[in-house]
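J.: only geometry, no sequence info:
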């Protein structure tokens, strides 16, 4: 196959507190690398950026290690409600679902809505759309997430136990609100796409809307594509994803756009992270949180950000 552009790929599984224990790092790395290998193979075989993004999000949603799809956290009433969004950079088309229940892959609904005149649906409307598509009912609840919720309820919701990753040795002392998965891809035709999915921040007020279902946390055009993770309200306040993308469109390099945006976020005491690719194939990531669970394929090698410094950091390749 003749490649017009060398495909590039970066994914994330959330941002948050330090991973404690080498076993935890190895577990997350194994999960992320499996997705990178399969999705990059799809890109190399001619798959489109959007196809790659949807496939990557499906795999991450199916991995109970992460707070999206299977393994999503429970809200204050003990229910799982998930949100996801997809944006095709070539068409600059955003679609998404908000607070959907009893479905395996929320990203599938976001993909189906790309061709709909109504491209963002919430709770009842999203559920009805899933029924129209004859998507089977599915319970994404895991024993660990139920255990967390029961413990939190016993403690009158005074603690935050929903970790970035659903591993018992990693959950304690980590904060809720940062569990998200995301995929950014550049395909062989030079097209960009991004998808983001989450189970929410855990124990939140019913009806709360995640940044993952907004352009604030998931945005792409012909210049760049960005998926965010971290404290959703912080990402919304910074309008982080489009801020980075617009700066690239205005002539800044992706590295400089990320650096400026994360410096501003740090000055505003935000807790967040983001992954990005631009039309030239530059891969970048940034964080103000202690850890960003991200991995990438730069066209030659697979790498990750799991053991990066705990200080604010912006990287690229």
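T.: That came in fine, so what should we check first? This structure is a prediction, so every number in the text was calculated from the model and none was measured.

J.: contact partners of the strand or helix carrying residue 126?
T.: Taking DSSP states H and E as the criterion, residue 126 maps to helix 123-132. Helix 123-132 is contacted from outside by 81, 97, 98, 99, 100, 101, 102, 103, 109, 112, 113, 121, using C-beta atoms under 8 Å, 6 or more residues apart in numbering. Just so you know, the C-beta spots here come from the backbone N, C-alpha and C atoms, and that holds for glycine as well.

J.: List the neighbouring strands of whichever strand or helix holds the last one plus their orientation.
T.: Counting by DSSP H and E, the element that carries residue 121 is strand 120-122. Sheet pairing of strand 120-122 (DSSP bridges) gives strand 93-100 (parallel).

J.: which outside residues touch the strand it pairs with?
T.: 81-87, 106, 109-111, 113-114, 116, 119-123, 126-127, 129-130, 200, 207, 209-210, 212-215, 218-219.

J.: Among those, name the buried ones.
T.: By neighbour count, with 16 or more other C-beta atoms under 10 Å, the contacts of strand 93-100 hold 81-87, 106, 109-111, 113-114, 119-122, 126-127, 129-130, 200, 210, 212-215, 218-219 as buried.

J.: and the gap between residue 139 and residue 72?
T.: 11 Å (C-beta to C-beta, to the nearest Å).

J.: Give me the more crowded residue out of those two.
T.: Using other C-beta atoms under 10 Å, the more surrounded residue of residue 139 and residue 72 is residue 72, with 29 against 11.

J.: Make sure the more buried one is indeed in a strand.
T.: No - under DSSP: H, G, I helix; E, B strand; the rest coil, residue 72 sits outside any strand and is assigned coil.

J.: Same list (the contacts of helix 123-132) but as JSON lines, adding distance to residue 227.
T.: JSON lines is the format used below for the contacts of helix 123-132 (distance: C-beta to C-beta, whole Å):
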{"residue": "81", "distance to residue 227": "20"}
{"residue": "97", "distance to residue 227": "16"}
{"residue": "98", "distance to residue 227": "17"}
{"residue": "99", "distance to residue 227": "19"}
{"residue": "100", "distance to residue 227": "19"}
{"residue": "101", "distance to residue 227": "23"}
{"residue": "102", "distance to residue 227": "25"}
{"residue": "103", "distance to residue 227": "20"}
{"residue": "109", "distance to residue 227": "17"}
{"residue": "112", "distance to residue 227": "20"}
{"residue": "113", "distance to residue 227": "18"}
{"residue": "121", "distance to residue 227": "20"}
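
J.: what's the most distant pair in those residues?
T.: Taking C-beta to C-beta as the measure, these span a maximum distance of 18.7 Å, between 81 and 112.

J.: For the chain, just list every one of the helices.
T.: Secondary structure of the chain (DSSP state H): helices at 22-44, 49-62, 106-112, 123-132, 143-154, 168-171, 232-238, 240-249, 254-267.

J.: Out of those, flag the one nearest residue 192.
T.: Proximity to residue 192 (C-beta to C-beta) singles out helix 49-62 among the helices of the chain, at 5.7 Å.
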